[in-house]
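Participant: quick one, what's the 3D model for this:
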Amino acid sequence: MIDGSHFDVIVIGAGHAGCEAALAAGRRGARVLVISPNLDRVGYMPCNPSIGGPAKGHLVAEIDALGGEMGRAADRTALQVRTLNTGKGPAVRALRVQCDKTLYALAMKEAMESAHDVVMLQDDAVGLHIGTERGEPSVTGVITRTAGTIAAASVVVTAGTFLNGQLVRGEERHGGGRDGERPDTSLAEGLAGLGIRTRRFKTGTPPRVDARSVDFSAGSLQPGDSADRWFSHDGRLGRIQPLTLSPNGVIARALPSPTQLAGRDQLSCLRVDTNAETHRIIAENLHRAPMFNGAIAGIGPRYCPSIEDKVHRFDKASHPVFLEPEGWRTTELYVQGMSTSLPADVQLQALRSIPALRDARITRFGYAVEYDAVDANELSVTLGARRLPGLFLAGQVNGTSGYEEAAAQGLIAGANAAARSLGLDELRLRRDEAYVGVLTDDLTGKPLDEPYRMLTSRAEHRLLLRTGTAPRRLAPTAARLGLIDGQRWGEVASELATEEAVVDALRSATFDQRPSHDALLSAAGIDPANGCQSAWDLLRRPSVTFDQVWSALRSTSLGTQPDVATDIRERVTDTAKYEGFVARAERQASRTRDLDRFPLHGAADFSGIAGLRTEARQRLSVARPETIGQAGRLAGVTPSDVAALLIHARRESR
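Facilitator: Prediction:
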């Protein structure tokens, strides 16, 4: 019987945030209970069947470097693997994996059930139990519908879109956190009763169609990568056992045949485009769209608009739409790019105006979700509630959108909930240290009036935060805090040492005027008569590849060089070619760190700080920044305001 038991950490919810929170807390040694109303929905992907992409892929790489599970689950259940933005610089290139949604949830539940000291309970959390700590209110457990009150030193709430959730499609409206599942009203009322501020946000999902009703010849197939790409450390070391299932007869007839790429079966996606007729149908029915007729008051994500919003806002002849397989053994396709809350009949008309979908059969209609989101300014960068010790929140409940943002928050919240319960060091990441640091800093330090989505443009130090550098940046911290074990840290350290050895070999090797080196120098646009060039200097040239330089080293008297793994070759190449830019970025990051070292201690009364402008006082009073660096990133806070805060902080520190 769980009633009366005591846990170090209780996690409410088992979505992407809840799973990573529970697993991170467990890795730190906490005894963890996960409470979910439906244990068949652990790690469920309720919307798109993909993990990663620009900025989101960066988050997944960092989650993996910190010992998280999302990258492993994506690698194990991949339908397609593709690197995006390959024509751009390394800071914005990102991996995206299309997953089998059913298998992804299975892989994540398997990880949860295999984790030491993590147990799960199917029940409803109806409230938080409040006790006292040092004479102040604090969270000391969870009140459940069936098992009663369960004690815990820390509680992580990952309620997703379920707090007072409402599903909206055309004139239809009913309660729900997602289609087929009831909303959470009791916990929402409990949080409101504790004085936690909330906002009303909106998100949405597109329809799904039966692949057997699609004309694949009327679109453009989008295959995966032929290169061997993995999100996870285990994938890169060849330790991933994919959960792929061979397509059955129905799928073989419905979809283009799987293609063997990088040693894995991969399915193609299909690109189609909206047209003038699609836009006419949508425009003529905007009066029936909840976003336009006042039926939805919640604010939606600016960077992931519905199709009706795109047609209304943008004067474009067409918008791209991608049909993405949802699994090996299902004929359902996710219609990426057509998120909508239009009535069902309008959704069908709009889809059938696209040639490839002229006979489309909708298996699930799109809808919008309106829900309560906690004002994340209530939280510190640890994702702990500032005014209620013991309470942590993570995921879409904090006003974010996307699986990856949720998982990253879950890892931070779970690690810090365990730290509070067990007296361990907190996990805090800076903006120049991780995209996860950018995420937590933005959420907790800036007033947000719309759902937050991670973008590479939000990271001013993004050149330092390339996906390939995630292990170097974060594995030492993960090892110190117990988020990865000694074996994992030893493997990462060995890989980093190999990378450094390759760099040292390139820096020390010199190509002189010997005939055997002339061809390489000429290919680099260098006159061999100009004298010696180090291999490193050659690699820095845009026209020279790592393979050229390394092959030359292996074939000359400079010594026999070993084979180098693909990911190490790519990281070394990026380091060489962007060395000057990286050095400048590191200097800028150093200046940022200097400001972030000055704590504000949540200055109780900004009106008492001399030299602050009225607007700055107002902004600071709402956001409650923890450091001067965080204050300086607020809209409406000028350099002169930062100078005033510096003077104040220096006086306070005396």
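Participant: which stretches in the stretch 301-450 of the chain count as strands?
Facilitator: Per DSSP state E, counting those that start in this stretch, the stretch 301-450 of the chain carries strands over the ranges 320-325, 332-336, 362-364, 367-374, 391-393.
Participant: so which bits of the longest helix that the chain contains are buried?
Facilitator: When the chain is parsed with DSSP state H, its longest helix is helix 486-508. Within helix 486-508, the residues that count as buried by 16 or more other CB atoms under 10 Å are R488, W489, E491, V492, E495, L496, E499, V502, V503, A505, L506. Just so you know, the C-beta spots here come from the backbone N, C-alpha and C atoms, and that holds for glycine as well.
Participant: count the residues that sit near the nearest residue to G195 once chain neighbours are set aside.
Facilitator: Nearest residue to G195, sequence neighbours excluded (CB to CB, 6 or more residues apart in numbering): R387, at 7.1 Å. When counting by other CB atoms under 10 Å, one arrives at 12 neighbours for R387.
Participant: distance check, R387 against F292.
Facilitator: Taking CB to CB, to the nearest Å as the measure, R387 and F292 are separated by 38 Å.
Participant: go ahead and confirm D100 touches M45.
Facilitator: No. Contact between D100 and M45 fails when scored by CB atoms under 8 Å: they sit 9.4 Å apart.
Participant: please say which of those two ends up with more neighbours.
Facilitator: D100 (26 against 22).
Participant: what sits against the nearest residue to that one once chain neighbours are set aside?
Facilitator: Distances taken as CB to CB, 6+ apart put G327 closest to D100, at 4.2 Å, once the chain neighbours are dropped. Applying CB atoms under 8 Å, 6 or more residues apart in numbering, we find G327 in contact with P49, L79, D100, K101, T102, L103.
Participant: for P301, give me its contacts.
Facilitator: So P301 contacts T203, S401, E450, P451, R453 (CB under 8 Å, 6+ apart).
Participant: nearest to G437 among those?
Facilitator: Proximity of those to G437, judged by CB to CB, is greatest for R453, which lies at 16.6 Å.
Participant: tell me the centre residue of the protein?
Facilitator: E404 (2.5 Å; CA atoms, centre = their mean).
Participant: helix, strand, or coil at G131?
Facilitator: strand (DSSP: H, G, I helix; E, B strand; the rest coil).
Participant: which stretches in the stretch 251-400 of the chain count as helices?
Facilitator: 276-283, 290-293, 307-313, 344-352 (DSSP state H, counting those that start in this stretch).
Participant: nearest to A478, out of the ones you listed?
Facilitator: helix 307-313 (39.8 Å).
Participant: any idea how far the closest one is from the middle of the chain?
Facilitator: 26 Å (CA atoms, centre = their mean, to the nearest Å).
Participant: helices or strands up against that helix?
Facilitator: helix 276-283, helix 290-293 (3 or more CB pairs under 8 Å, 6 or more residues apart in numbering; DSSP states H and E).
Participant: list the buried residues in that helix.
Facilitator: Using 16+ other CB under 10 Å as the burial criterion, the residues of helix 307-313 that qualify are I307, E308, D309, K310, V311, H312.
Participant: the fifth one and E284 touch, don't they?
Facilitator: No. Assessed by CB under 8 Å, V311 is found out of contact with E284, at 10.4 Å.
Participant: okay, helices next: where are they in the stretch 1-150 of the chain?
Facilitator: Using DSSP H, counting those that start in this stretch, helices in the stretch 1-150 of the chain cover 16-27, 56-65, 70-76, 101-114.
Participant: taking strand 332-336 as reference, get the angle to the longest one.
Facilitator: Between the direction of helix 101-114 and that of strand 332-336, the angle (axes from the mean of the first three to the mean of the last three CA atoms, to 10 degrees) works out to 100 degrees.
Participant: now helix 101-114: buried residues?
Facilitator: K101, T102, L103, Y104, A105, L106, A107, M108, K109, E110, A111, M112.
Participant: please enumerate the helices of the stretch 451-600 of the chain.
Facilitator: 470-480, 486-508, 515-523, 535-539, 546-555, 566-577, 579-596.
Participant: circling back: the helices of the stretch 251-400 of the chain: lowest mean pLDDT?
Facilitator: Of all the helices of the stretch 251-400 of the chain, the minimum mean pLDDT falls on helix 290-293 (a mean of 86).
Participant: and S226, which of the three is it?
Facilitator: coil.
Participant: spatially nearest residue to it (excluding sequence neighbours)?
Facilitator: L261 is the one closest to S226 (CB to CB, 6+ apart), at 5.0 Å.
Participant: if we can go back for a sec, tell me the one among the contacts of P301 nearest to L429.
Facilitator: Distances from L429 to the contacts of P301, taken as CB to CB, are shortest for R453 (18.8 Å).
Participant: start to end distance for stretch 383-398?
Facilitator: The stretch stretch 383-398 measures 9 Å between its terminal residues, going by CA to CA, to the nearest Å.
Participant: likewise stretch 383-391?
Facilitator: Start-to-end, stretch 383-391 (CA to CA) is 9 Å.
Participant: do the same with stretch 113-127
Facilitator: 25 Å.
Participant: any idea how far it is from the chain center?
Facilitator: With CA atoms, centre = their mean as the basis, stretch 113-127 stands 23 Å off its chain's centre.
Participant: list the buried residues in it.
Facilitator: Using 16+ other CB under 10 Å as the test for burial, stretch 113-127 gives A115, D117, V118, V119, M120, L121, D123, D124, A125, V126, G127.
Participant: can you tell me how far the residue nearest to the second one when sequence neighbours are not counted sits from L128?
Facilitator: Setting aside the residues directly before and after it, D117 is nearest to R31 in space (CB to CB, 6+ apart), at 4.9 Å. Relative to L128, R31 is positioned 19 Å away (CB to CB).
Participant: E579 now?
Facilitator: Separation of E579 from L128 (CB to CB): 51 Å.
Participant: neighbour-wise, which of these two wins?
Facilitator: Using other CB under 10 Å, the more surrounded residue of E579 and L128 is L128, with 24 against 13.
Participant: please tell me how far the more buried one sits from A152.
Facilitator: Computed with CB to CB, the distance linking L128 and A152 is 10 Å.
Participant: which residues are common contacts for those two?
Facilitator: Counting by CB under 8 Å, 6+ apart, the residues touching both L128 and A152 are V139, G141, V142.
Participant: tell me, how many residues neighbour the residue lying closest to the first one once chain neighbours are set aside?
Facilitator: Counting by CB to CB, 6+ apart, V139 lies nearest to G390, which is 3.5 Å off, once chain neighbours are set aside. Using other CB under 10 Å as the criterion, G390 is surrounded by 24 other residues.
Participant: gap between G390 and C99?
Facilitator: For G390, the distance to C99 - CB to CB - is 35 Å.
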